[in-house]
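**Student:** Sequence first, then the predicted structure:
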Amino acid sequence: ALTGVLANAQATVNVTSYGALINGTNSTATTAAFRTAFAAAGLAGKVVVPPGTYAIDNSAGPLTINNFQGEFKFEGNAQLVFGVGSQAGMQFNSGTGMRVIGFHSTYSSPVSSPVPGMAALAFNGTTNTFVDDVMVEKSPGPGLYFIGSVNAKVSNASILNSQSQGILFLNSLDAELVNATVTNSGQEGIVFQTNSCSTAQDGAHGANLTVTGAQGHGIAVYGESKVTISGFTVNSSTNSGIYCGTSSGSATPANVLYQGGVIDSPAGFGIEIADATSCAFANIQVNAAGNRGVSGSAPGGTVELRNIRVTGNTTGDGFNLSNLGTVRISDSAAEKSPGYGFFFSNVQAVVATALTAYDVSSQNSLHRAVWFQNGASVVAFDLTLIDDQRSPTGFVVGTSAINTGAIHSVASAIVNGTLQIQNRSTGVSVTSVN
């Protein structure tokens, strides 16, 4: 690894000028040429990689560059090929203002199981790093990995077949990820994580993100606060589509917002909240989840849901929100959920407006479409039940063991049955039912 501090000079250099071969041969000479090129460029210089295939010897660890502040630019179809499938590829340590443009890499002998932390491209402790047009294939660990970095900005990233996370920001402050695609990651697709020992390293923004085939959550926020993710698509994750909560060793997230997304066919929940201080979700469609459409459990936590549509989850409830401090939910719908449409249990305060349950409770003998139980207070209005099945299944709205509250304006369109109100809470009033 190149461990010395680069000279404080500026130059534009070409790796082939120092002996790098463009035909994918002689990894020893090519790797040495890359090291020499970075040294010649100086801290703030520019290193150019012309079109071609470059074999990199990573048998002793990643090609490591320290304190770089310049530009690393790939031209045309330039690509690095790392030789040892179980080792990291390339890593930048420290440095401010670095630009990496067009980085493309793969592995000649990829491994078939995750190697923790062994990223194809990693940035450790860098500041104001800009990465654009990156394509990483077959990484043994994360495809793209930022750890302890500040103000990293990544755009137009494509990560394919990484063995662990596709893209991981760990303990990194004010990260930005725009126009990113992760396909067939061995673990989560995209992760923003802050550990409990690094709670000052918060803040992230993601936009236009697509994750397909993640072997874990599609997009996960573990312990990181002040995160906004806008415009996302998650397809066929083996766990929940999107996640807000804790993980082993993480802090507890707060002020997290997911908005404007589609989640298709996750094997687990569509949206999952676990032990978060506060999370919000808006304008999200969940289709064909393998379990609940929305599942939340965070004692004392606050969850806000607006315009969330759950359709055709395979098992469980459309919305199941339990063991929470406050839930505010509006303009949301559950369609063809086999369990309850909406189930609130052990939530201290629920404010629910404009909820629609359509053909729900097909596997629930209690026929509950909307149900509140074991909470301090409920305020709910503009609830609508629709059931056009030959034998209706979801036609009950009710409460049990709620201290105080009101349910107002319950409308129904049950073709072959009748709406039923089951209010088992003396402190709750139910009015305007039709």
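**Tutor:** That came through fine.
**Student:** contacting residues around residue 264?
**Tutor:** 233-236, 241, 287-288 (CB atoms under 8 Å, 6 or more residues apart in numbering). For the C-beta atoms, the positions are set from N, CA and C on the backbone; glycine is no exception.
**Student:** one more time with 6 Å
**Tutor:** 235, 287 (CB atoms under 6 Å, 6 or more residues apart in numbering).
**Student:** And stretch 222-237, how far out from the chain middle?
**Tutor:** Mean-position distance between stretch 222-237 and its chain equals 3 Å (CA atoms, centre = their mean, to the nearest Å).
**Student:** from here on, count from 58
**Tutor:** Yes, from this point I'll number from 58; that puts the last item at stretch 279-294.
**Student:** buried set for stretch 287-299?
**Tutor:** 287-294, 296-299 (16 or more other CB atoms under 10 Å).
**Student:** no wait, stretch 313-324
**Tutor:** 313-316, 318-323.
**Student:** Figure out how far it is from the centre of its chain.
**Tutor:** For stretch 313-324 - counting by CA atoms, centre = their mean - the centre lies 9 Å from the chain centre.
**Student:** Also stretch 156-163?
**Tutor:** 23 Å.
**Student:** and that stretch, what's its mean pLDDT?
**Tutor:** Throughout stretch 156-163, pLDDT has a mean value of 98.
**Student:** circling back to that earlier point, tell me the one of the buried residues of stretch 313-324 nearest residue 304?
**Tutor:** For those, the residue nearest residue 304 by CB to CB is residue 313; the value is 13.7 Å.
**Student:** Report the contact partners of that closest one.
**Tutor:** 278, 284, 301, 336.
**Student:** Swap in 7 Å and give it another go.
**Tutor:** 278, 282, 284, 301, 333, 336 (CB atoms under 7 Å, 6 or more residues apart in numbering).
**Student:** Ok, residue 280 next?
**Tutor:** 250-253, 303-304, 307-310.
**Student:** For stretch 418-432, buried residues please.
**Tutor:** 418-419, 421, 424-432.
**Student:** of all those, which two lie farthest apart?
**Tutor:** Greatest spatial distance among these (CB to CB): 419 and 432, at 25.9 Å.
**Student:** quick one: the residue most central in space within the chain and residue 222, what's the gap?
**Tutor:** Residue closest to the mean C-alpha point of the chain, counted by CA atoms, centre = their mean, is residue 276 at 1.5 Å. Taking CB to CB, to the nearest Å as the criterion, residue 276 is separated from residue 222 by 11 Å.
**Student:** and the helix or strand containing residue 265, which residues are buried?
**Tutor:** If you go by DSSP states H and E, residue 265 is part of strand 261-269. Buried positions in strand 261-269, judged by neighbour count with 16+ other CB under 10 Å: 261-269.
**Student:** mind giving me CSV with those residues and columns for pLDDT and distance to residue 96?
**Tutor:** As requested, the buried residues of strand 261-269 are exported to CSV (pLDDT from 0 to 100; distance: CB to CB, whole Å):
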residue, pLDDT, distance to residue 96
261, 97, 34
262, 98, 35
263, 98, 35
264, 98, 37
265, 98, 37
266, 98, 36
267, 98, 38
268, 98, 38
269, 98, 40
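**Student:** Is it possible to get a markdown table of the residues you listed that adds distance to residue 444?
**Tutor:** Shown next, in a markdown table, are these (distance: CB to CB, whole Å):
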| residue | distance to residue 444 |
| --- | --- |
| 261 | 42 |
| 262 | 41 |
| 263 | 38 |
| 264 | 38 |
| 265 | 38 |
| 266 | 36 |
| 267 | 35 |
| 268 | 34 |
| 269 | 34 |
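**Student:** so what does the helix or strand of the chain with the lowest mean pLDDT touch, helix or strand wise?
**Tutor:** Within the chain, no helix or strand scores below strand 485-490, which has a mean of 92 by mean pLDDT, DSSP states H and E. Counting contacts by 3 or more CB pairs under 7 Å, 6 or more residues apart in numbering; DSSP states H and E, strand 485-490 packs against strand 453-471, strand 477-481.
**Student:** which secondary structure elements does the helix or strand hosting residue 288 contact?
**Tutor:** Taking DSSP H and E as the criterion, residue 288 maps to strand 284-292. Applying 3+ CB pairs under 7 Å, 6+ apart, one finds that strand 284-292 makes contact with strand 261-269, strand 276-279, strand 313-321.
**Student:** What average pLDDT does the last one get?
**Tutor:** Strand 313-321 carries an average pLDDT of 98.
**Student:** now do the second one
**Tutor:** Here the mean pLDDT over strand 276-279 is 98, rounded to a whole number.
**Student:** Alpha carbons only: can I get that strand in CSV?
**Tutor:** This file holds the C-alpha atoms of strand 276-279, laid out as CSV (Å, rounded to 0.1, in the frame of the first residue of the first chain):
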residue,chain,number,x,y,z
ILE,A,276,-32.8,0.4,2.2
ALA,A,277,-32.0,0.6,5.9
VAL,A,278,-31.3,3.5,8.3
TYR,A,279,-29.6,2.0,11.4
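**Student:** which regions of this protein sit below the pLDDT cut-off?
**Tutor:** Counting by pLDDT under 70, the chain has low-confidence residues at 58-66, 255-257.
**Student:** let's go with 90 and repeat that
**Tutor:** For the chain, applying pLDDT under 90 flags the ranges 58-67, 253-259, 489-491.
**Student:** Helices of that one, start to end?
**Tutor:** 84-98 (DSSP state H).
**Student:** now residue 237: how far from residue 287?
**Tutor:** With the distance defined as CB to CB, residue 237 ends up 13 Å from residue 287.
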